[in-house]
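Enquirer: structure for the following, please:
(chains A and B)
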Amino acid sequence: MVSSSLCIRELCKRYGDFVALAPTSLDVAKGEFLTLLGPSGSGKTTLLSLIAGLAQPDEGQILIDDADVTHSPAYDRDIGVVFQNYALFPHMTIEDNIAFPLKMRKVSDAEARRRAGEALETVRLPHVAKRYPRELSGGQQQRIALARCIVYRPAIILMDEPLGALDKKLRDQMQLEIKRIHRELGTTIVYVTHDQEEAMTMSDRICLMNAGAIEQLGTPQDLYFRPRSLFVADFLGESNLLSATVRGVDGEGLDIVLAEQLAASRAVGNGSRFAAGEPIKVMVRPQNLLVGEGGQLSGRLTDVMISGSLTRLYIAPEAAGLPQLVAAHPTRSGSPPYEIGQRLSLGWHAADAVAIHEGKGI
Amino acid sequence: MATMRAISQRLGWTRAAMGAPLVLLLVLFLVYPVGQLLLLSVHGDNGFTLAQYRQLFASSVYLDVLLITLKISLVTTLVCVVTGYPIAYLISGVGKERKATLLFWVLLSFWTSFLVRAFAWIVLLGRNGVINKLLLWLGIISSPASLLYNFGSVLVGMVNALLPLAVLTMLSVMENIDRNLPRAAATLGARPGMAFWKIYFPLSLPGVAAAGIMVFVTAIGFFIVPALLGGRRETMITQLIIDQVQQTMNWGFAGAISVLLLVVVLIVFAAYDRLLGLSTMTGASAPRNAKPSRLSGPVVRAGDALLTLLGAISDRIILLLSSRRRDRNPDQAGMGLQAFVWTMLLVMSAPTILMIPLSFGNGGLNWPPQGFTLHWYETVLSSPVWTQAMLRSLLVGIGTGLLAMLIGTPAAFLLVRSDISGKAAWLAFILSPIVVPRMIIAVGLFYVFARIGLVGSAVGLVLGHTVVAVPYVVITMMAVLRNYDTRLDQAAQSLGARPLATLRYVTFPILAAGMMSSFLFAFATSFDELTIALFATGGLNATLPKQFWDEVTLQVSPVIAAVSTCLFVFMGLLIFVAERLRRRAAAR
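Expert: You can find the predicted model right below:
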């Protein structure tokens, strides 16, 4: 089992006036699966290129197992990269593609061939060795890219939206595959994606990026249930965001008032400090918004959507100053039919209402 | 069923109407004239004869000329490909802005008339030219050296003429190489030299091969450079054909030499096809199951070993040279490469640019230019011979552009959009005017035109020029049509537009930029065309290149420098306009 820790210190990259990556620090533990998540242009691919040595930082340091590699060329870093469009060499057979990194490391021909065969077994494509990349389907090419990367056991593997070009079903399958390989090899993996679901299912930790900086770093549960900023709450999953004011703080719990003195309620903090009188947003996930249980609010049903396992109710609150809300519940057969325009009572458990600072988190 | 048959019949007629004009043009003004010429070579007073061929091989004179031709062409090809490669490599990798700048200079040379460039070298290499003056000033020589009329001057002229073609051909392949591949190789542990030789270079080989054959075939049919810059010992085979036609009117012998030339060219193409496949020339991607090369195992393995060796050597050199510059941007081209490319671009365009000050001087064509005068321009503009030649060239150019577009565009539609059988064969037929040496077409046309009274007429010139320009129109339009999303047409039709309305409101407006650029290409081909004009103008009614040729073979005068400058500026403007059009189309 080969794996290394990665440590990034105040790393920064500018293109002219454009700051692609503001000074950023990040630690990745040995064997960790860390995902860089964010919208396009958030700096995640820039960060990945800097780690890989495909771009040079303007400031800062990159350490692999405490060794400074900031200025080492890509070929000396012992990092594996799975490129977005796989970057398989079109003029080489699959076997030659996979053996390439071994040949660069002066591994003997026979040994290279043997290990290439093993790598092909690992990605479950042993029969394609003699073919050329263009003869394979997208999903197969993706597996080969993975095989070419794991064959030389790099200490860290970087993946740049490796599943972006695949269809949904294949993507789900490959996610499992990558997780399996991660478990088997124990390699440190830094994974880039803009797909929040993918990030949630695969990662040990997620590093959510926005506008060239880290917005929040934590486990998927942290980010989903305790978002530090509105951006995080909005980017990960669906959320209802209600304006409120803090009235009092006791430990983790908060006394709040919803909207314009509408109703008193309780909420929990997201790990940062709140002060009495501070205007905040309260986030309630759709699945935690309870319908028909004498709660804090009431509203009228405007739309119902059944998307397979979930039924979504869109509700316009009666009080002014609140946005349209959405509640999601498991779809059950034989549940009473909803009528558009029907008046509904809405509520939530205090533990499911998370307070978020109006501005950026502290 | 009946309606089905009616529809398919109507479709058949539409297709025939789209393709027929081009086929007719090529049959009448390419196949027939060339066929006639070839027939003449075996046709004596009493029917079939091989007398011409006996004469051809009787002495070693003609074979020697063939060998010289092959030698000059080979060396030219080698130099063009080797020096053109770094240029194309740099251009394919730089950002948009710098690419436009670099490309402008390549295109400017590409479109500057062969005549103008050859003439510029006469002046440059002359006894009182820039080079001699420079060498004298530097004290390297004590009296002017004779730099002209030898193998060296021919080679310089040939390379200068054909380097842009090599660069552009290689560029079209290099632009399609994914720049992520060398980067991927780097992450897999390949040092820069290894990544280049084992990954990038093999992928660029089709471009190298295509550039090689394009340059070689063009060089073999060249006569302007050897005629103007070479001595007697640099006579090339096309010059022999000109002599036979213009001086002795010996059609049979001209035909025999043409056959020899044609056979050589066809052998070259056949060899190329055997090794690499002709489809690589048009830049079409190889079929899914095809192997990238038809070379056999041992050759491939030897090649691979050689590339590994080259990679290792390069990396050793890089290591020795650049140990001090650790944090250079890995994607940026090295200073050495940039310096080389700019030097080459300078050498490529300098001769023509040096022509400009000379055309305003009153010291003849000696360097440095003396004084300032507009006398030479006045001479040109007040001479009816020159002004009429200019007008005629414009007229013929526009006529050629229009006719080539009108005939070529429907054929391109047919080749891209419909599934006619034997597409590859049709394409080969349409491209044959590029393959068949221009000189053979020119002589054949002259023979046919002479019999139907088209010599000296603008119509004859337009027809002849269209034959050689139309392949470029078809290629350009095919590329444009391949990128065209046919769903737009379907959308228009679903919205109620009939086929003609679809063409008028959707298809043509989107294709306009492509059509404009293919028109300009055809126009420029005609405007610069000398070979066909050499004969088909019949001594009277010269076009601009013909007039230029007549003057320059008579005497080297500053008047020609003035004309060169005009042509240079005109072409510069044309490229500028074409590039603007292209960018506007791309921005949409």
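Enquirer: give the helix, strand or coil label for the residue of chain A positioned farthest from its centre.
Expert: Within chain A, the residue lying farthest from the chain centre (C-alpha atoms, centre = their mean) is A:A110, at 40.1 Å. Counting by DSSP: H, G, I helix; E, B strand; the rest coil, the backbone at A:A110 sits in helix.
Enquirer: just the CA atoms of the strand or helix carrying A:M283, as CSV, please.
Expert: A:M283 belongs to strand A:279-284 when elements are defined using DSSP states H and E. Extracted in CSV, the C-alpha atoms of strand A:279-284 (Å, rounded to 0.1, in the frame of the first residue of the first chain):
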residue,chain,number,x,y,z
PRO,A,279,-29.9,39.1,11.0
ILE,A,280,-29.4,35.6,9.7
LYS,A,281,-30.8,33.0,7.3
VAL,A,282,-32.3,29.8,8.6
MET,A,283,-31.8,26.7,6.4
VAL,A,284,-34.3,23.9,6.4
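Enquirer: ok, the following helix or strand past that strand: who's next to it in the sheet?
Expert: Once the chain leaves strand A:279-284, the next helix or strand it forms, by DSSP H and E, is strand A:290-291. Pairing partners of strand A:290-291, with direction, according to DSSP bridges: strand A:343-347 (antiparallel).
Enquirer: got the angle for the partner strand vs strand A:279-284?
Expert: 110 degrees (axes from the mean of the first three to the mean of the last three C-alpha atoms, to 10 degrees).
Enquirer: run the chain-centre distance for strand A:343-347.
Expert: With C-alpha atoms, centre = their mean, to the nearest Å as the basis, strand A:343-347 stands 33 Å off its chain's centre.
Enquirer: alpha carbons of it, in CSV - could you do that?
Expert: Taking Å, rounded to 0.1, in the frame of the first residue of the first chain, the C-alpha atoms of strand A:343-347 are listed here in CSV:
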residue,chain,number,x,y,z
ARG,A,343,-53.8,25.5,2.6
LEU,A,344,-51.0,23.7,4.5
SER,A,345,-49.5,24.1,7.8
LEU,A,346,-45.6,23.9,7.9
GLY,A,347,-43.1,23.2,10.6
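Enquirer: can you name the next helix or strand after that strand?
Expert: strand A:353-357.
Enquirer: buried ones in the helix or strand of chain A with the lowest mean pLDDT?
Expert: Sorted by mean pLDDT, DSSP states H and E, the helices and strands of chain A end with strand A:263-268, the least confident at a mean of 78. Neighbour counts over strand A:263-268 (16 or more other C-beta atoms under 10 Å in any protein chain shown) mark A:S265, A:R266, A:A267, A:V268 as buried. Placement of C-beta: from N, CA and C, glycine included.
Enquirer: give me the distance between the first one and B:N366.
Expert: Going back to what we said before, that points to A:S265. 96 Å (C-beta to C-beta, to the nearest Å).
Enquirer: confidence score at B:D273?
Expert: pLDDT recorded at B:D273 is 80.
Enquirer: which element is it on?
Expert: helix B:251-276.
Enquirer: that helix: how far from the chain's middle?
Expert: Centre to centre, stretch against its chain (C-alpha atoms, centre = their mean), the figure for helix B:251-276 is 18 Å.
Enquirer: establish whether that helix and chain A are in contact.
Expert: No: contact of helix B:251-276 with chain A (C-beta under 8 Å from any C-beta of the partner chain) is absent, the minimum separation being 13.0 Å.
Enquirer: just checking, what packs against that helix?
Expert: helix B:32-41, helix B:51-58, helix B:61-93, helix B:201-220, helix B:237-243, helix B:423-435, helix B:438-452 (3 or more C-beta pairs under 8 Å, 6 or more residues apart in numbering or on different chains; DSSP states H and E).
Enquirer: buried ones in the second one?
Expert: In this case it means helix B:51-58. So, applying 16+ other C-beta under 10 Å, buried residues of helix B:51-58: B:Q52, B:Y53, B:L56.
Enquirer: coming back round to it: so which elements touch the strand holding A:M283?
Expert: helix A:230-235, strand A:240-250, strand A:253-258, strand A:353-357.
Enquirer: relative to chain B, which of the ones you listed is closest?
Expert: helix A:230-235 (27.6 Å; C-beta to the nearest C-beta).
Enquirer: what is that closest one packed up against?
Expert: strand A:205-210, strand A:213-218, strand A:240-250, strand A:279-284, strand A:353-357.
Enquirer: which residues of chain B score low on pLDDT?
Expert: B:1-4, B:277-297, B:322-333, B:539, B:585-588 (pLDDT under 70).
Enquirer: tell me if I'm right that A:C207 and A:T24 touch.
Expert: No: checked against C-beta atoms under 8 Å, the pair A:C207 and A:T24 is beyond contact range at 9.2 Å.
Enquirer: tell me which of the two has more neighbours.
Expert: Set A:C207 next to A:T24 and count neighbours by other C-beta atoms under 10 Å in any protein chain shown: A:C207 wins out with 25 against 22.
Enquirer: can you pull up the bridge partners for that one?
Expert: Under the criterion used (DSSP bridges), A:C207 bridges to A:L36, A:L217.
Enquirer: which residues sit against whichever strand or helix holds B:K546?
Expert: Assigned by DSSP H and E, B:K546 falls within helix B:544-554. Contact with helix B:544-554 is made by B:113, B:115-116, B:119, B:122, B:224, B:227-228, B:385-386, B:389-390, B:392-393, B:527-530, B:533-534, B:537, B:542, B:557, B:559-560, B:563, B:567, as judged by C-beta atoms under 8 Å, 6 or more residues apart in numbering or on different chains.
Enquirer: among those, which ones are in helices?
Expert: Within these, residues falling in helices by DSSP state H are B:115-116, B:119, B:122, B:224, B:227-228, B:385-386, B:389-390, B:392-393, B:527, B:533-534, B:559-560, B:563, B:567.
Enquirer: just the buried subset of those, written out for PyMOL, thanks.
Expert: Selection of buried members from the ones in helices among the contacts of helix B:544-554 for PyMOL, criterion 16+ other C-beta under 10 Å:
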select buried, chain B and resi 115+116+119+122+224+227+228+386+389+390+392+393+527+533+534+559+560+563+567
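Enquirer: need the residues that contact the top helix by length along chain A.
Expert: Ranked by number of residues, the top helix in chain A under DSSP H is helix A:168-185. The contact list for helix A:168-185 (C-beta under 8 Å, 6+ apart) reads A:1-3, A:33, A:122-124, A:138-139, A:142-143, A:146, A:150, A:153, A:159, A:162-163, A:166, A:189, A:191, A:198, A:201-202.
Enquirer: go again using 10 Å as the cut-off
Expert: A:1-3, A:31-33, A:82, A:122-124, A:137-140, A:142-143, A:146-147, A:149-150, A:153-154, A:157, A:159, A:162-166, A:187-189, A:191, A:195, A:197-198, A:201-204 (C-beta atoms under 10 Å, 6 or more residues apart in numbering or on different chains).
Enquirer: show me which of those are buried.
Expert: A:3, A:31-33, A:82, A:122-123, A:139-140, A:142-143, A:146-147, A:149-150, A:153-154, A:157, A:159, A:162-163, A:166, A:187-189, A:191, A:195, A:198, A:202-203.
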